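**Q** Sequence isn't available, so here's the structure alone:
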């Protein structure tokens, strides 16, 4: 099974400042079709999760461009260029290359 | 707009089964898979598997193999998840999600307690 890890697990940020979350997989997430099925989800308090980023770096429609994803192989990053109050929540990376596995989540809150 | 509306909260005793529903609207139900994901208190999201809403084919996480069954009723645009042999560790919020993307149900809390 692919194990996903994230760091940090807790991320207090100042409004307007950048934030970065790291995600690592225990195996390469490059699929046989050449794609890398690494997604990022946002889970706001009291809401259902929603996907922000798919295939490493593609933003879902309607997702603000302050969110960006990058990485390759086993190391990936989600960046928020300027954190806003509505970004508070838990962020999960998820791999869909070999089955489906979520990371432990990173809790983002405001300092 | 796409909506996934899940059935209400359930309280079950250990050893019982639970069957949840997920009613879809706003899109062609048979064109997208429905995934089931759960979150136990204080835990990460846990993928349970998915059902091809078109042909009914299923894929289950090994973690739940033998205990979970996904079905769907295309005439009602509704997907179902049945989990059997419930134990206290199955206490969680259960979500359905269209294609594991932006469209998720509101979640159903299942409490397993004697």
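**A** Looks like it came in fine. Values in this document were obtained by computation on a predicted structure and should not be read as measured data.

**Q** Return the residues in contact with residue B:26.
**A** Contacts for residue B:26 (Cβ atoms under 8 Å, 6 or more residues apart in numbering or on different chains) come out as B:1, B:2, B:3. Backbone N, C-alpha and C define where each C-beta goes, glycine included.

**Q** how far away is the residue nearest the centre of chain A from residue A:61?
**A** Against the mean C-alpha coordinate of chain A, by Cα atoms, centre = their mean, the closest residue is residue A:40 at 3.4 Å. Between residue A:40 and residue A:61 the distance, using Cβ to Cβ, to the nearest Å, works out to 15 Å.

**Q** try residue A:68
**A** For residue A:68, the distance to residue A:61 equals 15 Å [Cβ to Cβ].

**Q** Mind checking which of these two has more residues around it?
**A** residue A:68 (17 against 6; other Cβ atoms under 10 Å in any protein chain shown).

**Q** Apart from its neighbours in sequence, what residue is nearest that one?
**A** Spatial nearest neighbour of residue A:68, chain neighbours left out: residue A:79 (5.0 Å); criterion: Cβ to Cβ, 6 or more residues apart in numbering or on different chains.

**Q** In its sheet, which strands sit next to the helix or strand that that neighbour is a member of, and in what direction?
**A** Under the assignment given by DSSP states H and E, the secondary-structure element containing residue A:79 is strand A:75-80. Sheet partners assigned to strand A:75-80 using DSSP bridges are listed as strand A:19-25 (antiparallel), strand A:67-72 (antiparallel).

**Q** Return the most buried member of those strands.
**A** Across the strands paired with strand A:75-80, averaging neighbours per residue (mean count of other Cβ atoms under 10 Å in any protein chain shown) puts strand A:19-25 on top, at a mean of 20.

**Q** can you list the residues of chain A near chain B?
**A** Within chain A, the positions lying close to chain B (Cβ under 8 Å from any Cβ of the partner chain) are A:1, A:39, A:41, A:43, A:48-51, A:54, A:60-62, A:92, A:94, A:96, A:99-105.
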